[in-house]
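Participant: Generate a structure from the sequence data that follows.
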Amino acid sequence: MDVLREAHEMAAAGEDVIHMEVGQPFGPAPRKVVEAAHAALEADDLGYTEARGIRPLRERIARHYEEKHGLRIDPDRIFVTTGSSGAFTVAFLAAFDAGARVGLANPGYPAYRNIFHAVDIEPVLLKSGPATRWAPDMAEVTHLMREGEMEGLLVASPANPTGAMLEPDILKSLLETVEGQGGWFISDEIYHGLDYSMPAHTALEFSDAAIVINSFSKYYCMTGWRIGWMVLPEELTRTAEILTQNMFINTPSISQHAAIAAFDATEELEERKAVYARNREFLVEALPQIGFGRFAPVDGAFYIYCDVSDLTNDSFDFARRILHETRIAVTPGLDFDPVEGARFLRFSFCGSHEDMQRAVERLDSWMRKAAAS
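Facilitator: Predicted structure coming up:
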């Protein structure tokens, strides 16, 4: 976010900045979503709603799981949340007591760690890398759960920052290992819909006890609407309801009404996804040719997580140099990995294809000048 702030300041001063630092889809929300929001303004008083969210939206989300995964989910297990951030906060508080230790893959989305610390939960960073396709190591998870050194595990597929996905047998094995030792399994599925090399599987296919978190921000292009959802096991629903009532009251009413229409905007959303897929294909081929060739599998989401240790040992300084010398904003790996992140950069490719082409041209010129000097 510091990079984003500095990039916005430069853009406000008239600089032509290309944004490859944030996971925000280019363009507005789908037309049907905007139309539904207008209709809600005319037809509804948009007052407080149930803490769990309006029933028509929860029923539509349940129908989504039946259509997409062949699963029947009770709408009363579904909570509409203030983005996935609200879902993580409530889920963590509902599932764990203060002082609990919960595992997560490193590198990973930094807000996991920060929310854990805020609610007095200790994150257990599990090393991941190319050898495990950036998934938590099964042997380490098994050992820590059996020894009582973890009370749960959080996974993401597709993952931020790597874009890597868990194959279904790995997802199932991790889940069974955690639940078999009495732990809670949390599956971050906010990038579902943005898959390229394999279909995404929900943890709910393997267990009704899994805690699943999703969002309308990424595939559905509704970042600023601040709306997500979670599916909880029955035993956590009352606790989550009380927490939500006290902490958030409800997710913004207009966003709830509008989000119902997001599931009917598939044609427009798939057109947007096709741009990401084109960007992915272009960058996977172009980046190695200009000196950025070591990166994680780009299975899903819209990120490339690149090892730049042959170019720098300080990814934060390197990202700032790129921003000031090329007017391209990228994210330093230290955001995602406090251990080895100084040797990684994350490139986001959810912008326009023209911006991706311009970015490669600028980076190519910059790298050539650096090599010649």
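Participant: Show me where the stretch 201-350 of the chain has its strands.
Facilitator: With DSSP state E, counting those that start in this stretch as the criterion, the stretch 201-350 of the chain has strands at 211-215, 228-231, 303-307, 328-329, 331-332, 344-348.
Participant: would CSV of the ones you listed with mean neighbour count, mean pLDDT and distance to M150 be doable?
Facilitator: The C-beta positions use only the backbone N, C-alpha and C, and glycine is treated the same way. Listed next are those as CSV, based on neighbours: other C-beta atoms under 10 Å; pLDDT from 0 to 100; distance: least, C-beta to C-beta, whole Å:
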stretch, mean neighbour count, mean pLDDT, distance to M150
strand 211-215, 26, 98, 15
strand 228-231, 27, 98, 21
strand 303-307, 25, 97, 24
strand 328-329, 24, 96, 36
strand 331-332, 26, 94, 28
strand 344-348, 26, 97, 25
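Participant: Out of those, the one nearest E361 is which?
Facilitator: Closest to E361 of the strands of the stretch 201-350 of the chain, according to C-beta to C-beta: strand 328-329, at 10.2 Å.
Participant: For D76, which of the strands of the stretch 201-350 of the chain is the nearest?
Facilitator: Here strand 228-231 is closest among the strands of the stretch 201-350 of the chain (C-beta to C-beta), at 10.5 Å.
Participant: packing partners for the closest one?
Facilitator: Under the contact definition 3 or more C-beta pairs under 8 Å, 6 or more residues apart in numbering; DSSP states H and E, strand 228-231 sits against helix 55-69, strand 78-81, helix 83-95, strand 211-215.
Participant: Quickly run through the sheet partners of that strand, with directions.
Facilitator: In the sheet containing strand 228-231, the strands it pairs with under DSSP bridges are strand 78-81 (antiparallel), strand 211-215 (antiparallel).
Participant: quick check, distance from it to the centre of its chain.
Facilitator: In terms of C-alpha atoms, centre = their mean, to the nearest Å, the centre of strand 228-231 is set 13 Å apart from its chain centre.
Participant: Just give the number of residues close to N279.
Facilitator: For N279, the neighbour count with other C-beta atoms under 10 Å is 25.
Participant: got the CA coordinates for the strand or helix carrying K32 in PDB?
Facilitator: Per DSSP states H and E, K32 falls inside helix 31-43. Extracted C-alpha coordinates of helix 31-43, given in PDB (Å, rounded to 0.1, in the frame of the first residue of the first chain):
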ATOM      1  CA  ARG A  31     -23.100  -3.500 -15.800                       C
ATOM      2  CA  LYS A  32     -25.800  -5.700 -14.300                       C
ATOM      3  CA  VAL A  33     -24.300  -5.000 -10.800                       C
ATOM      4  CA  VAL A  34     -24.500  -1.300 -11.300                       C
ATOM      5  CA  GLU A  35     -28.000  -1.600 -12.700                       C
ATOM      6  CA  ALA A  36     -29.100  -3.600  -9.600                       C
ATOM      7  CA  ALA A  37     -27.600  -1.000  -7.400                       C
ATOM      8  CA  HIS A  38     -29.600   1.800  -9.100                       C
ATOM      9  CA  ALA A  39     -32.700  -0.300  -8.700                       C
ATOM     10  CA  ALA A  40     -32.100  -0.900  -5.000                       C
ATOM     11  CA  LEU A  41     -31.700   2.800  -4.500                       C
ATOM     12  CA  GLU A  42     -35.200   3.300  -5.900                       C
ATOM     13  CA  ALA A  43     -36.900   0.400  -4.300                       C
END
